[in-house]
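K.L.:
Sequence first, then the predicted structure:
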Amino acid sequence: MTYPRSKRRASAPPTGAATTTPREGTGLHSATKALSALRREGLVRAVPGVGTVVAERPAPGVADAGTGPALGRERIVRTAIELADAEGLPAVSMRRVATTPSTSTMALYRHVPGKTELVRLMSDEVFGERPPGAAPRDWRPGPELAARWLRSVYGRHPWMAQAVASFTRPTASPHTMRYAEWVLHALAGTALPPYTKLHIHLTPFAHVQGLAMAGDMETQARQDTGLSAAEWMVRNEPQFDAISASGDYPFLNSLFEHDEFELDLDSLFEFGLRRTLDGIAVMIGETSA
């Protein structure tokens with residue numbers, strides 16, 4: 001419905017409604033033009049999920065973070081890896097990584113959009129550091145070599161246990177996928193269906209992953225308490241003795257009635273890997289029969 005001009009003038013906007021006067025409209029238009037000019041001059045830039053930010057320039061004597069050799073994706077990733085190796089993955093942030101090359105946090109966003117992508121690039125870089133070599137012809141050395149290779153990777157970079165922890169949301173990265181391709185290639189000569197081969201690849205992977213996470217937790221516990229695993233056991237032994245004295249755990253208590261033994265992650269790795277491969281061998285024999 002069209003109202004007479006006089007009636008429209010008399011109508012007031014509802015309480016709380018936003019209005020734009022001609023002067024305000026002119027201001028918004030001028031601000032938009034100003035931002036466009038600043039972008040053309042390279043003084044501001046748009047960051048996804050953040051908005052328009054000032055494009056900071058390097059300090060005198062420092063190469064331009066956007067175009068010069070001082071900063072690039074490769075250097076950012078390597079800096080983040082070194083930081084994670086020294087202090088763990090939680091210590092890695094865009095702000096913290098920026099302090100090492102003495103640049104601004106915003107400068108990093110020109111090369112890496114955020115921490116999630118940074119961790120993906122870090123894990124892929126690590127997977128490509130020392131390739132496992134050519135896949136063996138027989139099936140058994142393949143998964144075994146892959147598991148030992150993966151454990152060595154986690155040994156050099158313990159934070160990797162957190163970076164690639166998900167099996168349902170695997171990392172989409174070239175070197176990570178090349179590792180899976182390597183294992184599947186080693187199993188190509190078996191008569192197993194593809195779905196089973198994938199499980200054979202992931203089962204030793206999960207074994208290594210779990211032990212790596214346990215090792216990372218042990219390192220963190222040592223830092224938090226200042227006690228080694230042996231020292232921690234000595235301190236907590238009275239509590240275990242008190243519980244065991246109830247007589248409710250005869251099988252568990254019988255383990256310690258004979259010679260003392262040490263249980264560590266290395267022995268668990270060897271036992272689990274060999275028994276897993278033995279089980280796979282039985283399955284392949286049944287399939288081939």
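P.N.:
All right, it came through fine.

K.L.:
Could you report the neighbour count for residue 155?
P.N.:
Neighbour count of residue 155, defined by other CB atoms under 10 Å: 11. C-beta: built from backbone N, CA, C; applies to glycine.

K.L.:
Which neighbouring elements make contact with the one helix or strand it maps to?
P.N.:
Under the criterion DSSP states H and E, the helix or strand holding residue 155 is helix 141-156. Using 3 or more CB pairs under 8 Å, 6 or more residues apart in numbering; DSSP states H and E as the contact test, the elements touching helix 141-156 are helix 115-127, helix 160-163, helix 174-186, helix 194-225, helix 265-288.

K.L.:
who does the first one touch, helix- and strand-wise?
P.N.:
Based on contacts counted as 3+ CB pairs under 8 Å, 6+ apart, the elements that helix 115-127 packs against are helix 73-87, helix 94-99, helix 141-156, helix 160-163, helix 174-186.

K.L.:
out of these, which comes closest to residue 194?
P.N.:
helix 174-186 (8.3 Å; CB to CB).

K.L.:
Contacts for that closest one, please.
P.N.:
Residues outside helix 174-186 that contact it (CB atoms under 8 Å, 6 or more residues apart in numbering): 123-125, 127-128, 131-132, 135-136, 139, 141-143, 145-146, 150, 164, 170, 197-198, 200-201.

K.L.:
Tell me which of the helices and strands packed on helix 115-127 is the most buried.
P.N.:
Comparing the helices and strands packed on helix 115-127 by mean neighbour count (mean count of other CB atoms under 10 Å), helix 160-163 ranks first with a mean of 20.

K.L.:
Keeping just the C-alphas, turn it into CSV.
P.N.:
This file holds the C-alpha atoms of helix 160-163, laid out as CSV (Å, rounded to 0.1, in the frame of the first residue of the first chain):
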residue,chain,number,x,y,z
MET,A,160,53.4,-36.3,16.0
ALA,A,161,51.3,-38.7,18.1
GLN,A,162,48.9,-35.8,18.7
ALA,A,163,49.2,-34.3,15.2
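
K.L.:
quick one: average pLDDT of it?
P.N.:
Averaged over helix 160-163, pLDDT sits at 90.

K.L.:
Determine the set of other helices and strands touching that helix.
P.N.:
Short answer (3+ CB pairs under 8 Å, 6+ apart): helix 160-163 packs on helix 115-127, helix 141-156, helix 194-225.

K.L.:
looking at those, which is buried most?
P.N.:
By mean count of other CB under 10 Å, those have helix 115-127 as the most buried, with a mean of 20.

K.L.:
And for that helix, what's in contact with it?
P.N.:
73, 76-78, 80-81, 84, 89, 92-94, 97, 112, 153, 156-157, 160, 163-164, 171-176, 178-179.

K.L.:
Wait, residue 158 touches residue 215, no?
P.N.:
Yes - using CB atoms under 8 Å, residue 158 is in contact with residue 215, at 6.3 Å.

K.L.:
picking that back up, please name whichever of the helices and strands packed on helix 141-156 is nearest to residue 254.
P.N.:
Closest to residue 254 of the helices and strands packed on helix 141-156 is helix 265-288 (CB to CB; 19.5 Å).

K.L.:
what about that closest one, distance to the chain center?
P.N.:
28 Å (CA atoms, centre = their mean, to the nearest Å).
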